[in-house]
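Coordinates for the following, if possible.
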Amino acid sequence: MATSIASRSTQLQYKESFVRGQYCRQPDWVRSIAVPRCTQKELSWSHGQIRVAIESCLREGYNKYFDFAVIGSGVAGLRYALEVAKHGTVAVITKAEPHESNTNYAQGGVSAVLCPSDSVESHMQDTIIAGAYLCDEETVRVVCTEGPERIRELIAMGASFDHGEDGNLHLAREGGHSHRRIVHAADMTGREIERALLEAVRKDPNIFVFEHHFAIDLLTSQDGSDTVCHGVDTLNAETQEVVRFISKVTLLASGGAGHIYPSTTNPPVATGDGIAMSHRAEAVISNMEFVQFHPTALADEGLPIKPRKPRENAFLITEAVRGDGGILYNLGMERFMPFYDDRAELAPRDVVARSIDDQLKKRNEKYVLLDISHKTKEKILSHFPNIAAECLQHGLDITRQPIPVVPAAHYMCGGVRAGLQGETNVRGLYVAGEVACTGLHGANRLASNSLLEALVFARRAVQPSIDHMKSARVDRGASHSWARPTMPKALGDKVLANIDRRTREVRKELQSIMWEYVGIVRSTIRLQAAEKRIGELELEWEAYLFQHGWEPTMVGLEACEMRNLFCCAKLVVSSALARHESRGLHYTIDFPHLEESKRLPTVIFPCSPVNSTWSSTQLHRQQIC
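Okay, the predicted model is just below:
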């Protein structure tokens, strides 16, 4: 595929770069939308997990009509939903339980300038330095300026953050930050934010949450040279039915793609669905080569008592441990970070991850040690209760013993290219959170800037979404404009079981290729080998499906996830091959230095598809590539 390097711009002026398509007449929209009001929304708690049950009165066959469709229930999706719900009906579509998002797993906190000795300019400088000067300066200024107000809004909504003895917010410091500016709730900040937002969502009569609805594909049409989004097809994983959401506005807040790698701190839902869907819908994708590996995930191999079964996702040891004075040692108890960077353990994540990777390769070891035990027991347990409890149940007391850690895939700095209001080049489609590439992170995300970015862009996308909603019309007959995906039940249980088994095997093979060839340190020959092997593996997998009766319109949860993982993996590899320098998270031994002339984002335009030949949705347009 062709990958372009394009100049930076905060405005999405891509039209001249698109390959023109045939005009496709839009459906005749009617002016009104009506969603039956439910008499109640039930709230039930099970081991602290929230479930929002939707009454059967929302059922109208398998088509549902809303003013706004929000894909994802993390901080970006929920914060946006609460604002736009003041202007219309909102469907929050979530792949698993509402709380199962990257937000819920975010330990460290939210960065914001809330101390008199700190400044927006300092936060901007730290962000740009960490981002290896690839950040969009206007985006950085907007986020750093608006961040403090977004924090105050969360507090007003009931989010509870830690306070110091003076009664003010306790501000932590993390790697890459020159000041203490991390607002946190112990080491469970994301969980607390998610709790507060879900509680507010539960009380809002205009918001309806659809659990266990996997987003399959965006519904698009062609209006001249513009692609327009009209909603999304989903798979109800509990009933095995396809449910179509027709909406005036769609916000994509589906998170990242950590599971293209074998070890990731992301929850199981992070399979790159939003990025892959957007690419198939002809959205512009940017900076996919910048995959952030968190330097310190818990290394199960180093625990006195090993977990009984492999984890679905690696347990994160927050950046704040190093920010609070944690020291990294190799297994010979030699402190090594000062040899790599003057900032030692407080260096940005890309530097620390590469340093650990270098130590492991040189010493042929499986993990390094992170020691915080020189701090008082009371401080450790008050700041990191979740980490202490997790380690203790595996026989490790972090108040007395170092923590075994190893890098793991953590965050996608690239994604669907967004403007300053979360807009994409697809009309009616907005993005926020990890699925988006806003220009804030550049080549490497500064610690605790992710929740901040999600809050700021979820809020900035509100007004343009409302404006678009008011000018859009929804026709209930429009749902027939797209062929409906079908379930593969007719293949029989035995065939489906074999397909699922083979798909799981292929998934592990893909993850192994990505870790071995597209990891923390890269080379051109290894990237080319990955590109070849991934292409062959995908073709072999697709051939297996079709030989067993699979048809292009068929959908299944594991098969659709696999398709998305392939798409995201290829986007990462292609983008990495296009960058002939080492910058931030992308380090290649063939181009080990920064090149000022190459300080540009990597942009994948719609006319450069990397998706597979299998497409479950017949898009309401002519082929344009």
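
so where do the strands sit in the stretch 301-450 of the chain?
327-329, 368-371, 403-412, 415-417, 429-431, 436-437 (DSSP state E, counting those that start in this stretch).

Need those strands in a markdown table (columns: distance to Phe591, mean neighbour count and mean pLDDT).
C-beta coordinates here come from the backbone N, C-alpha and C atoms, glycine included. As requested, these are exported to a markdown table (distance: least, Cβ to Cβ, whole Å; neighbours: other Cβ atoms under 10 Å; pLDDT from 0 to 100):
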| stretch | distance to Phe591 | mean neighbour count | mean pLDDT |
| --- | --- | --- | --- |
| strand 327-329 | 28 | 20 | 98 |
| strand 368-371 | 27 | 22 | 98 |
| strand 403-412 | 22 | 26 | 96 |
| strand 415-417 | 24 | 29 | 97 |
| strand 429-431 | 30 | 30 | 98 |
| strand 436-437 | 22 | 30 | 98 |
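
need the ones you listed in a markdown table with distance to His294, can you?
Converted to a markdown table, the strands of the stretch 301-450 of the chain look like this (distance: least, Cβ to Cβ, whole Å):
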| stretch | distance to His294 |
| --- | --- |
| strand 327-329 | 13 |
| strand 368-371 | 12 |
| strand 403-412 | 4 |
| strand 415-417 | 18 |
| strand 429-431 | 23 |
| strand 436-437 | 19 |
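
between these, which gets nearest to Arg502?
strand 403-412 (23.7 Å; Cβ to Cβ).

so how far is that closest one from its chain's centroid?
16 Å (Cα atoms, centre = their mean, to the nearest Å).

Kindly tell me how buried the closest residue to Val518 other than its chain neighbours is, as a neighbour count.
Nearest residue to Val518, sequence neighbours excluded (Cβ to Cβ, 6 or more residues apart in numbering): Ala530, at 5.2 Å. Other residues lying near Ala530 total 24 when counted by other Cβ atoms under 10 Å.

roughly how far apart are Ala530 and Arg427?
Counting by Cβ to Cβ, to the nearest Å, the gap from Ala530 to Arg427 is 35 Å.

repeat for Leu392
52 Å.

Pick out whichever of these two has more residues nearby.
Arg427 (17 against 13).

Tell me who's in contact with the more buried one.
Applying Cβ atoms under 8 Å, 6 or more residues apart in numbering, we find Arg427 in contact with 223, 226-229, 468.

can you count the residues close to Ala237?
Neighbours of Ala237 (other Cβ under 10 Å): 15.

Hmm, Phe214 and it touching each other?
Yes. Using Cβ atoms under 8 Å, Ala237 makes contact with Phe214 at a distance of 5.7 Å.

Quick check: neighbours shared by these two?
Residues within reach of Ala237 and of Phe214 at once, by Cβ under 8 Å, 6+ apart, are 95, 557.

returning to what we had before: give me the buried positions along the helix or strand containing the residue nearest to Val518.
Taking DSSP states H and E as the criterion, Ala530 maps to helix 524-547. Residues of helix 524-547 classed as buried by neighbour count (16 or more other Cβ atoms under 10 Å): 526-527, 529-531, 533-534, 537-538, 541-542, 544-545.

Can you tell me how far the closest residue to Ile128 other than its chain neighbours is from Gln463?
Take Ile128 and drop its neighbours on the chain: the residue closest to it by Cβ to Cβ, 6+ apart is Cys135, 4.9 Å away. As judged by Cβ to Cβ, Cys135 and Gln463 stand 24 Å apart.

Give me the more crowded residue out of the two.
Higher neighbour count among Cys135 and Gln463: Cys135, with 29 against 13, using other Cβ under 10 Å.

wait, doesn't the more buried one sit right on Thr438?
No. Counting by Cβ under 8 Å, Thr438 is not a contact partner of Cys135; they are 9.6 Å apart.

ok, His374 - contacts?
325, 327.

For this structure, name the helix or strand with the lowest mean pLDDT.
Sorting the helices and strands of the chain by mean pLDDT, DSSP states H and E puts strand 42-46 at the bottom, at a mean of 28.

my read: Lys489 touches Val242, true?
No. Lys489 lies out of contact with Val242 (Cβ under 8 Å); the separation is 11.8 Å.

who's more crowded, these two?
Using other Cβ under 10 Å as the criterion, Lys489 and Val242 rank with Val242 on top: 18 against 11.

any idea where the helices of the stretch 401-550 of the chain begin and end?
449-460, 462-471, 493-517, 524-547 (DSSP state H, counting those that start in this stretch).

could I get the ones you listed as TSV with mean pLDDT and distance to Ser111?
Shown next, in TSV, are the helices of the stretch 401-550 of the chain (pLDDT from 0 to 100; distance: least, Cβ to Cβ, whole Å):
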stretch	mean pLDDT	distance to Ser111
helix 449-460	96	5
helix 462-471	96	22
helix 493-517	97	29
helix 524-547	97	32
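
End to end on stretch 438-449, go ahead and measure it.
Chord length of stretch 438-449, first to last residue, is 12 Å (Cα to Cα, to the nearest Å).

All further residue positions should be reported with the first residue as 39.
Understood, numbering begins at 39; the last thing we discussed is stretch 476-487.

quick check, distance from it to the centre of its chain.
13 Å.

Give me the distance between Ala385 and Gly213.
6 Å.

Next: Arg282.
From Arg282 to Gly213 the distance is 45 Å (Cβ to Cβ).

again with Lys415
24 Å.

Those two: who's more crowded?
Neighbour count, other Cβ under 10 Å: between Lys415 and Gly213, Gly213 has more, with 23 against 13.

if we can go back for a sec, any chance of the buried residues of helix 562-585 in TSV with distance to Gly471 as columns?
Shown next, in TSV, are the buried residues of helix 562-585 (distance: Cβ to Cβ, whole Å):
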residue	distance to Gly471
Arg564	31
Leu565	28
Ala567	32
Ala568	27
Glu569	28
Arg571	31
Ile572	26
Leu575	29
Glu576	27
Trp579	29
Glu580	30
Tyr582	34
Leu583	31
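
Which member of the residues you listed is positioned nearest Pro423?
Closest approach between the buried residues of helix 562-585 and Pro423, by Cβ to Cβ: Ala568, at 40.2 Å.
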